[in-house]
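>>> Curious how this folds, go ahead:
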Amino acid sequence: MSDGTRPHGASWRRALRLAPVRGVALAALGAAGLLLVLPMAVALLSGAVGTVLRIRRLPVLRRRLAASWSRVEIPGPYLPHSSEARAREGGLYRYGRRLYASGSTARRKRGARKISRDPATARDLWWLLLDPFVGAPVAVLPAALIGAGLAGVASPLWHAGPGSAFVVGLGLASVSTGIAAGPSLIRLHGYWTRLFLRAGVPAAGGGTRWWLRLWRQVQTVGAACLLCALAVCGLVLAALQLIAAVFSLVFGLVPVLAQAVLVSRRLVNLWRELLRHGGLADIAEPYRQPPPAPVQGADGHYAYGRTLHPGPLLPSWLAARRWVLTDPATWRDLLWLLTNPVVAAVLLLGPMASVLAIGLWWSGPAGFAAALLAAGAVLRAAPYTLRVQARWCALLLAPTERSVLARRVHQLATTRAEATGVQAAELLRIERDLHDGAQTRLVAIGMSLRAIEKRLGSEQPELRAMAAEARENSSAALRELRSLVRGVHPPVLAERGLVDAVRTLALAHPLTVEVTADLQGRAQMPVAACAYFSVSEALTNSAKHSGAQRVMIDLRHRAGALRITVTDDGRGGADPALGSGIRGIQRRLATFDGLLDVASPPGGPTTLTMELPCVLSSARTSTSSGKD
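This is a model prediction of the structure:
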């Protein structure tokens with residue numbers, strides 16, 4: 001039934017009977033809503049979309065009951081939910097200016113922003129706060145009148161007196177009033193509900209209603225109180241972090257420091273998220289990347305520095321402790337945790353404490369008026385104090401230029417490693433395709449030409465000569481292709497590793513080459529290929545320009561770097577500025593942050609020292625070989 005009409009007949013009599021019961025139910029739901037004001041405010045500040053939607057069920061239920069019982073239309077006010085997040089190129093999901101690996105995270109943040117900016121959310125909060133004091137008394141009034149009237153009617157049973165008849169008459173009037181006024185009061189409650197829970201209408205000129213602006217200011221004060229509570233929690237975590245540092249560094253309880261720092265970082269990241277969600281500051285995380293997991297050596301031990309451990313647990317703890325101790329962001333977070341409560345108390349709690357002080361200092365109407373003025377000033381100043389607090393947080397929590405540069409370097413190094421890994425895999429694929437495809441076909445062609453040559457015999461010497469020439473050309477093409485395959489990616493490098501690949505170079509070299517190696521495993525394929533071709537270029541230079549008779553190659557792995565030394569007994573005088581071969585080695589090593597040192601005095605010997613950062617894995621290799 002539309003608004004403005006009135007039920008008749010059976011419907012009206014039913015409304016008379018049920019109005020008191022319905023009023024009690026509506027009042028009970030309103031009282032329950034008062035308990036949800038603080039959880040909903042905290043959920044809005046923290047971006048907990050699911051919690052807000054669950055709390056929103058109460059206003060939705062109240063809207064439906066009020067519309068059904070009061071016959072007042074109350075349309076749904078909420079904006080439609082956001083669409084599903086779509087993956088961008090690379091499998092990442094965008095929200096604002098940030099990319100997320102999970103589509104649910106981007107969808108949750110988009111939903112939190114949609115809900116926080118929905119005017120119906122603010123009206124729900126206002127309704128939850130005010131309905132127990134305005135709407136609930138109106139709804140429960142019929143039941144209260146009937147209850148008071150019944151008590152008056154029954155009063156002569158336990159207290160008879162001269163005025164009993166008057167009390168009974170007054171009770172009957174109260175019961176009649178409650179029953180008669182029930183539907184009208186329920187209808188009045190429906191209008192009250194529609195005032196807050198209907199779809200909002202923008203104010204003239206596109207502005208915001210005054211009560212919505214006031215609610216936003218109240219919400220800002222609530223955010224300030226929440227941040228102050230988190231600041232106190234941060235002070236406790238800072239104290240625990242200092243205690244954990246003492247126990248870890250002095251008493252040897254290694255893992256407690258890293259765990260305490262990680263817990264503190266969760267709180268600091270929560271501050272960053274709240275400031276970003278409130279539109280106050282967008283503070284990126286400045287932390288360094290965690291260390292990799294320890295790698296088991298060939299002897300079954302795990303190394304941390306120069307110490308070997310039987311298991312991976314203690315090396316991982318030591319690496320984590322060193323990671324948090326050497327990260328400058330750890331100490332900046334600690335300084336912020338220790339000083340932030342003072343700053344928050346001055347900026348956020350100071351104005352609110354002044355309101356309480358004024359109210360306690362003055363009494364009576366003057367004190368109440370002064371407290372109201374101070375409260376208004378606090379509401380007006382709260383957004384500005386929050387901005388100052390956000391700038392203070394950004395001063396210590398934002399990444400420094402040095403940390404931004406370090407993260408950028410790490411990102412570029414990771415990207416470069418991925419690119420070189422893809423390149424190495426592609427070269428290996430090309431080598432396999434040439435080996436299994438083109439080489440096989442050339443061998444088959446050579447065999448076919450050999451068979452044709454035999455079938456011709458001596459009867460057709462010209463055709464036989466042409467077949468022999470074609471066979472020689474196919475053999476030459478096969479040799480060139482095999483040389484090309486070895487230049488693209490030597491098969492022995494992939495099958496046997498760097499040491500055996502260098503030994504193969506030594507066996508095929510015209511000079512006497514001695515190879516010694518002490519490697520506790522195999523290098524990654526891109527690094528091994530770079531080292532292999534660098535050694536090959538160095539051997540070529542020795543054969544062409546040095547006049548040497550003997551070359552010595554030494555391969556070792558120390559302190560996370562592959563160290564290769566190539567020494568010949570030639571005339572010396574090698575100059576990197578004049579030789580394109582040495583510059584080629586430098587460019588090849590620079591791709592992996594490698595270094596080349598050239599020592600070549602006149603008269604010799606010439607020593608090339610190459611260093612490549614790498615991590616070894618698999619079995620230990622220690623060999624020595626020579627070619628006489």
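>>> what ranges do the helices span in the stretch 251-400 of the chain?
With helices called from DSSP state H, counting those that start in this stretch, the stretch 251-400 of the chain shows them at 255-277, 313-326, 328-344, 350-361, 364-397.
>>> who wins for proximity to P490 among these?
helix 313-326 (34.9 Å; Cβ to Cβ). All C-beta atoms are positioned from the backbone trio N, CA, C, and that covers glycine.
>>> And that closest one, how far out from the chain middle?
Here helix 313-326 shows a centroid-to-chain-centroid distance of 22 Å under the convention Cα atoms, centre = their mean, to the nearest Å.
>>> ditto for stretch 49-60
That offset, for stretch 49-60, works out to 27 Å (Cα atoms, centre = their mean).
>>> tell me the mean pLDDT for that stretch?
Stretch 49-60 carries an average pLDDT of 83.
>>> Output it as PDB, restricted to C-alpha atoms.
Provided in PDB are the C-alpha atoms of stretch 49-60 (Å, rounded to 0.1, in the frame of the first residue of the first chain):
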ATOM      1  CA  VAL A  49      34.100  -4.600   3.700                       C
ATOM      2  CA  GLY A  50      32.700  -7.900   5.000                       C
ATOM      3  CA  THR A  51      32.100  -6.600   8.500                       C
ATOM      4  CA  VAL A  52      30.300  -3.500   7.200                       C
ATOM      5  CA  LEU A  53      28.100  -5.600   5.000                       C
ATOM      6  CA  ARG A  54      27.200  -7.800   7.900                       C
ATOM      7  CA  ILE A  55      26.400  -4.900  10.100                       C
ATOM      8  CA  ARG A  56      24.300  -3.300   7.300                       C
ATOM      9  CA  ARG A  57      21.900  -6.200   7.600                       C
ATOM     10  CA  LEU A  58      20.300  -4.600  10.600                       C
ATOM     11  CA  PRO A  59      19.400  -1.300   8.800                       C
ATOM     12  CA  VAL A  60      18.200  -3.400   5.900                       C
END
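>>> So, low pLDDT: which residues of the stretch 501-628 of the chain?
The stretch 501-628 of the chain contains residues with pLDDT under 70 at 578-580, 617-628.
>>> residue ranges of the helices in it, please?
525-541, 580-590.
>>> Quick check: which of those helices is nearest to A173?
Going by Cβ to Cβ, the one of the helices of the stretch 501-628 of the chain nearest A173 is helix 525-541, 96.0 Å.
>>> Just the angle for that closest one relative to helix 580-590, thanks.
Orientation of helix 525-541 against helix 580-590 (axes from the mean of the first three to the mean of the last three Cα atoms, to 10 degrees) gives an angle of 170 degrees.
>>> Summarise which helices and strands helix 525-541 is packed against.
If contacts are counted by 3 or more Cβ pairs under 8 Å, 6 or more residues apart in numbering; DSSP states H and E, helix 525-541 sits against helix 401-433, helix 491-496, helix 498-508, strand 550-558, strand 561-568, helix 580-590, strand 606-613.
>>> picking that back up, would you single out the least confident of the helices of the stretch 251-400 of the chain?
Among the helices of the stretch 251-400 of the chain, helix 350-361 scores lowest, at a mean of 59.
>>> hmm, back to that, quick one: closest of the helices of the stretch 501-628 of the chain to L562.
helix 525-541 (6.2 Å).
>>> could you dump that closest one to CSV, C-alpha only?
Presented in CSV, the C-alpha positions along helix 525-541 are these (Å, rounded to 0.1, in the frame of the first residue of the first chain):
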residue,chain,number,x,y,z
MET,A,525,73.2,-21.7,-16.7
PRO,A,526,73.2,-18.0,-17.7
VAL,A,527,76.3,-17.3,-15.4
ALA,A,528,78.0,-20.5,-16.6
ALA,A,529,77.5,-19.5,-20.2
CYS,A,530,78.9,-16.0,-19.6
ALA,A,531,82.0,-17.5,-17.9
TYR,A,532,82.5,-20.1,-20.6
PHE,A,533,82.4,-17.6,-23.5
SER,A,534,84.6,-15.2,-21.5
VAL,A,535,87.2,-17.9,-21.0
SER,A,536,86.9,-18.9,-24.7
GLU,A,537,87.6,-15.2,-25.7
ALA,A,538,90.6,-15.0,-23.3
LEU,A,539,92.1,-18.2,-24.8
THR,A,540,91.6,-16.8,-28.3
ASN,A,541,93.4,-13.6,-27.4
